[in-house]
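Enquirer: coords below, sequence missing:
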């Protein structure tokens, strides 16, 4: 998953969760796809808590520009 962005005026209204629900449903229906990964920056305004609340887990890896790598097991 590459950069899921919801305008701050529309956050906390369920749009991010609804979007992830559709993405996860799509990939769960694809043969051979077992893990969905994304990354997120740390600090104020970070979406890491949102992803963790959804079920993503930190992998312990730091990627790109000091972003935390997260994964969601689909199976």
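Expert: That came through fine. What you see is a predicted model, and the numbers here were worked out from it, not measured in a lab. Numbering: from 1, shown residues only.
Enquirer: just the helices in this protein please.
Expert: For the chain, the helices defined by DSSP state H cover 15-28, 48-54.
Enquirer: List the buried residues of the last one.
Expert: Right, helix 48-54. Buried residues in helix 48-54, counted by 16 or more other C-beta atoms under 10 Å: 48, 50-51. From N, CA and C alone the C-beta is placed, and that goes for glycine too.
Enquirer: What of the first one?
Expert: By neighbour count, and taking 16+ other C-beta under 10 Å as the criterion, the buried residues in helix 15-28 are 16, 20, 24.
Enquirer: separation between the second one and residue 51?
Expert: It refers to residue 20. 8 Å (C-beta to C-beta, to the nearest Å).
Enquirer: And the pLDDT for the residue located most distally from the centre of the chain?
Expert: The C-alpha centroid of the chain is most remote from residue 31, which lies 20.4 Å away (C-alpha atoms, centre = their mean). With respect to pLDDT, residue 31 scores 95.
Enquirer: Residues in contact with stretch 40-57: which ones?
Expert: The contact list for stretch 40-57 (C-beta atoms under 8 Å, 6 or more residues apart in numbering) reads 4, 16-17, 20, 36, 38, 58, 65-68, 70-72.
Enquirer: Let's see that with 7 Å instead.
Expert: By C-beta atoms under 7 Å, 6 or more residues apart in numbering, the residues outside stretch 40-57 that reach it are 16-17, 20, 38, 66-68, 70-72.
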